[in-house]
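Enquirer: pasting a predicted model and its sequence here:
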Amino acid sequence: MTNITAILIDDESSSRNSLRQKLQTYCPYIQIIAECENGEEGIKAIQSNSPDIVFLDVEMPRMNGFVMLQHLEQRSFELIFTTAYDHYAIRALRESALDYLVKPIEIKLLLEAVERVRTKKENNTPNQRIEILLHNLLDNRSSHRIAIPSLEGLQFIELSDIILWKQKVIIVS
Amino acid sequence: MVVQPYIENAIHHGLLNKISPDKKLTIDVKFTGNDIKYTITDNGVGREKAAAYKKINKPTQESFGMQITNDRINLFNGKKDHSVKITDLYNKEHLPEGTLVEVWLTTQPIST
């Protein structure tokens, strides 16, 4: 099994400790190459280490996780947000189809998220999703877009273009 | 309880946004005549910088906390204003160095 490198970015040391311990215990193939306590450090660590996964906290002083992403030119990593329960952030993450874990992190959900990162290598989609997230959050009052996963990949639809929403579930056995 | 929002603000916006580890919060309570006077001082980044950070990080969120708390204290005191005074602090080089909040609560005589 090839090693996966990861960076943890969270301003609270207790959150970093807890995530580190869970990763060491349950995902030993993940190698934590840096831990950062703010966005400024996070940018430096990502640029100098090029990790496979970034675990990123949303609420941080001075520069939150979303703003930190804005400052990165290269986003060639898989991203898993870690956040306390917060409507504002979670809605934005859902709309952009990005992976997130609500703290305290459940081991089962952590393993699932890590597994998704390991198995999926869809070209450029993480970056596209981050674009959508930043578009929705930071372009004040402009139209919101939502990411819809489909067989062809992610489709991005303006929320204001949606009149009726129907879902059809086909189970193939 | 009444001054808690000012203390939370001092920590959350003033001190947590500060990079230097020299962080200090002072809470002083004393009687002055018929009033209880609370003084909350922090040596954080100051209101202007805190507001700038907030604008970057939460551009769409409006804040009402301070206005609501001020209104509540004025109502308690039966005054229109002058129950809360906020002063921006500066160091010798005239750079922002924290915030000073003074709150006066009128004491109510206990009727027997």
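Expert: Cool, the structure landed.
Enquirer: and residue 81, how many neighbours does it have?
Expert: Assuming you mean chain A. Using other CB atoms under 10 Å in any protein chain shown, A:Phe81 is surrounded by 24 other residues. To be clear about C-beta, it is placed using only N, CA and C from the backbone, and glycine gets the same treatment.
Enquirer: to clarify, I was referring to chain B.
Expert: Quick note: B:Asp81 (other CB under 10 Å) scores 11 neighbours.
Enquirer: if I pick A:Lys103, what's in contact with it?
Expert: A:15, A:82-84 (CB atoms under 8 Å, 6 or more residues apart in numbering or on different chains).
Enquirer: who wins for most neighbours among those residues?
Expert: Among the contacts of A:Lys103, the one with the most neighbours (other CB under 10 Å) is A:Thr82, at 25 neighbours.
Enquirer: was I right to think it contacts A:Ile105?
Expert: Yes - with contact defined as CB atoms under 8 Å, A:Thr82 counts as touching A:Ile105 (6.5 Å).
Enquirer: common neighbours of the two, please.
Expert: A:Leu19.
Enquirer: coming back round to it: show me the contacts of A:Lys103 that map onto helices.
Expert: Among the contacts of A:Lys103, the members found in helices (DSSP state H) are A:Ser15.
Enquirer: among the contacts of A:Lys103, which lie within strands?
Expert: Under the assignment DSSP state E, the contacts of A:Lys103 contribute A:82-83 to strands.
Enquirer: which of the contacts of A:Lys103 sit farthest apart?
Expert: Maximum pairwise distance in the contacts of A:Lys103, criterion CB to CB, is 10.1 Å, between A:Ser15 and A:Thr83.
Enquirer: shared neighbours of these two, anything?
Expert: A:57, A:103.
Enquirer: circling back: in JSON lines, list the contacts of A:Lys103 along with distance to chain B.
Expert: As requested, these are exported to JSON lines (distance: CB to the nearest CB, whole Å):
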{"residue": "A:Ser15", "distance to chain B": "15"}
{"residue": "A:Thr82", "distance to chain B": "17"}
{"residue": "A:Thr83", "distance to chain B": "14"}
{"residue": "A:Ala84", "distance to chain B": "14"}
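Enquirer: for the contacts of A:Lys103, which one is nearest A:Ile148?
Expert: Checking the contacts of A:Lys103 one by one against A:Ile148 (CB to CB), the nearest turns out to be A:Thr83, at 22.5 Å.
Enquirer: that closest one contacts A:Tyr100, correct?
Expert: Yes - contact between A:Thr83 and A:Tyr100 holds when scored by CB under 8 Å: they sit 6.0 Å apart.
Enquirer: shared neighbours of these two, anything?
Expert: Counting by CB under 8 Å, 6+ apart, the shared contacts of A:Thr83 and A:Tyr100 are A:89-90, A:93.
Enquirer: can you select the buried ones from those in PyMOL?
Expert: PyMOL command restricting the shared contacts of A:Thr83 and A:Tyr100 to the buried ones, with burial defined by 16 or more other CB atoms under 10 Å in any protein chain shown:
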select buried, chain A and resi 89+90+93
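Enquirer: and of the shared contacts of A:Thr83 and A:Tyr100, the nearest to B:Asp81?
Expert: The closest of these, once distances to B:Asp81 are taken by CB to CB, is A:Ala89, at 36.1 Å.
Enquirer: need the three-state assignment for that closest one.
Expert: Recorded secondary structure, A:Ala89: helix (DSSP: H, G, I helix; E, B strand; the rest coil).
Enquirer: show the contacting residues for residue 31.
Expert: Assuming you mean chain A. So A:Gln31 contacts A:3-6 (CB under 8 Å, 6+ apart).
Enquirer: my bad, chain B
Expert: So B:Phe31 contacts B:37, B:107 (CB under 8 Å, 6+ apart).
Enquirer: any idea how far it lies from B:Leu105?
Expert: To B:Leu105, B:Phe31 is 10 Å away according to CB to CB, to the nearest Å.
Enquirer: can you name every helix or strand that the lengthiest strand in chain B contacts?
Expert: Scanning chain B for the strand with the most residues, using DSSP E, yields strand B:96-106. Applying 3 or more CB pairs under 8 Å, 6 or more residues apart in numbering or on different chains; DSSP states H and E, we find strand B:96-106 packed against strand B:35-42, helix B:47-57, helix B:65-77, strand B:84-90.
Enquirer: neighbouring contacts of the third one?
Expert: Outside of helix B:65-77, the residues within contact range by CB under 8 Å, 6+ apart are B:2, B:5-6, B:9, B:80-81, B:83-84, B:103-106.
Enquirer: cool, thanks, talk later.
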